[in-house]
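K.L.:
Let me see the structure of the following:
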Amino acid sequence: MKPSSLVVVDNGAHTIKAGVVGTHGINPRIVPNAIVRSKGDKQTYIGHESDKCSDFSSLHYRLPFEKGFPVDWDAQKAIWDGMFSNEVLGVDTTDASLLITEPYFNLPNIQEVYDQFVFEEYDFQSYYRCTPASLIPHGNLYGPPGPEPPECVIVIDSGFSFTHVVPIMNNSIIWNAVKRIDVGGKLLTNQLKELASFRQWNMMDETYIVNDIKESCCYVSSNFSRDLEICRVDPRRNAIVQEYILPDFSINRPGRVRQPGDTLNDTAQVMYMNNERFTVPEIIFRPDDIGLEQPGIAQTVARSIALLPEDLQGMFWAHISAVGGNTKFPGFIQRL
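P.N.:
Predicted coordinates:
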């Protein structure tokens, strides 16, 4: 690597997105931010090594992050070591600079550990840490990057642990107007695990499988009451229900959504996704559905903008972006 190389790391609680700026042949990589142990083969997989796992049933997770903040730095270092290795990015950290994201409202003692790791453990030449939302105006969500990003921006960052609404003006976060909803992808997956276990199969230990079901089947409804009525007609035969064929790791068969014409063998186990498809993502818009006394995402955006200067509020309404894994649910943007 050249001394001027810049490593960019979006250090999320669920996955790490990492790449090297200006390096051809090395595409950005997504690395699970976890150490997992497989019940099937009794092997431990660190970060990127999870690609080698063949049995994802009843995985035991060791996560560096808890409630949105890094707490297990030994696990985080092991994952970073693999990410910087030749198997992933091939980075010589002593000849590179680092741009890394940190949690919103990061604590000073955690920031100190970030600094210590970057310079003492990896010996980067220089580094800069910032929140994920700070980088959004400089990307291409608002069109091709230009010399000047939009002056006023609202960033909705709905990730693994939380959903944040972040106003940015002239590249600076307006912290007194930042709002947080205690709903993230982890909560949604756990909610789906409970629903599935109560109604069909015991899935409480199947975090990986249920997360895949969530990402494959769930969507945000544009008409919640109508879809709920459709699902009441026949829980297993209606226009909304999907059949998810559970994986069979004994024959290395991954899980998948059943397509028209698919035939099932006698050993196939099926999860019927009925109103779970839209009631789980609905929690982002109505947290009180599960007893969280917090406003939904639309109301939270409005409350955040109401705290901003009145003459600039229209500019913030005109530039709202949504990032994070939960915003990939079909129908999310349209509903918002």
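K.L.:
Just say helix, strand or coil for residue 193.
P.N.:
On the three-state scheme (DSSP: H, G, I helix; E, B strand; the rest coil), residue 193 is labelled helix.
K.L.:
I figured it hits residue 209, correct?
P.N.:
No - with contact defined as C-beta atoms under 8 Å, residue 193 does not count as touching residue 209 (9.4 Å). Every C-beta, even on glycine, is put in place using the N, C-alpha and C of the backbone.
K.L.:
Low-confidence regions, the stretch 201-336 of the chain specifically.
P.N.:
The model of the stretch 201-336 of the chain has pLDDT under 70 over residues 252.
K.L.:
let's go with 50 and repeat that
P.N.:
Within the stretch 201-336 of the chain, not a single segment meets pLDDT under 50.
K.L.:
Tell me where it has helices.
P.N.:
207-217, 224-233, 276-279, 282-285, 297-306, 313-318, 332-335 (DSSP state H, counting those that start in this stretch).
K.L.:
which other helices and strands contact the third one?
P.N.:
So that's helix 276-279. helix 185-199, helix 224-233 (3 or more C-beta pairs under 8 Å, 6 or more residues apart in numbering; DSSP states H and E).
K.L.:
so which of the ones you listed is the most packed in?
P.N.:
Of all those, helix 185-199 has the most neighbours on average by mean count of other C-beta atoms under 10 Å, namely a mean of 19.
K.L.:
how far does that one sit from the chain's center?
P.N.:
16 Å (C-alpha atoms, centre = their mean, to the nearest Å).
K.L.:
tell me the angle that helix makes with helix 207-217.
P.N.:
100 degrees (axes from the mean of the first three to the mean of the last three C-alpha atoms, to 10 degrees).
K.L.:
Helix 185-199 packs against which elements?
P.N.:
By 3+ C-beta pairs under 8 Å, 6+ apart, helix 185-199 packs against helix 207-217, helix 276-279, helix 282-285.
K.L.:
which one of the helices and strands packed on helix 276-279 lies closest to residue 243?
P.N.:
helix 185-199 (13.2 Å; C-beta to C-beta).
K.L.:
Can you lay out the helices and strands packed on helix 276-279 as a markdown table showing distance to residue 274?
P.N.:
Below are the helices and strands packed on helix 276-279 laid out as a markdown table (distance: least, C-beta to C-beta, whole Å):
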| stretch | distance to residue 274 |
| --- | --- |
| helix 185-199 | 9 |
| helix 224-233 | 5 |
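K.L.:
Would you mind saying which of these lies nearest residue 267?
P.N.:
helix 185-199 (19.5 Å).
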